[in-house]
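**Q** This is a predicted model, with the sequence first.
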Amino acid sequence: MPAEARPRHDAPVMNLSDLVVRHGYWIVAAAIGIESMGIPVPGETMLVAAAIYAGATHKLDIGMVIAAAVAGAIIGDGLGFLIGRRFGHRLLLRYGSRIGRRGNRFERCTAPVPQVQADCAGLQNRRQRLR
């Protein structure tokens, strides 16, 4: 591969497509995993960018892109549950008044967005329900 065609690793990243080109499957898994933990990251947009790149250039295998997204989602969801179970009570006591905590306990933990449902389940020490 000529030097001009190789991506420069010292150049700043300009957009999500650059991340996909530089890091491939790992960035898809990481973005989807972080998003599944409840942190607002453009994971789905990263997945779409990777799928388009895979279809247009054939430099990524679409099956591996899907597998990376699935693995990231499963791992991120599990980590979100564990974080809620381990640190949720302390965070609830500290910041609970901002999200509707009453007294010494949390009356109801229902997540308005699916990204934090695992955290709520872990917080209440209950099993996570699959839809």
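**A** Looks like it came in fine. Numbering: from 1, shown residues only.

**Q** Return the alpha-carbon coordinates of the helix or strand encompassing residue 21 using CSV.
**A** Residue 21 belongs to helix 16-23 when assigned by DSSP states H and E. As requested, C-alpha coordinates have been extracted for helix 16-23 and formatted as CSV (Å, rounded to 0.1, in the frame of the first residue of the first chain):
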residue,chain,number,x,y,z
LEU,A,16,-17.4,8.9,12.9
SER,A,17,-16.4,7.5,9.5
ASP,A,18,-12.7,8.2,10.3
LEU,A,19,-13.1,6.3,13.5
VAL,A,20,-14.5,3.3,11.7
VAL,A,21,-11.8,3.4,9.1
ARG,A,22,-9.0,3.6,11.7
HIS,A,23,-10.3,1.2,14.4
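
**Q** Buried residues, whichever helix or strand comes after it. List them.
**A** The helix or strand immediately downstream of helix 16-23 is helix 25-36, counting by DSSP H and E. Neighbour-count burial for helix 25-36, counted by 16 or more other C-beta atoms under 10 Å, picks out 25, 27, 28, 29, 30, 31, 32, 33, 34, 35, 36. Just so you know, the C-beta spots here come from the backbone N, C-alpha and C atoms, and that holds for glycine as well.
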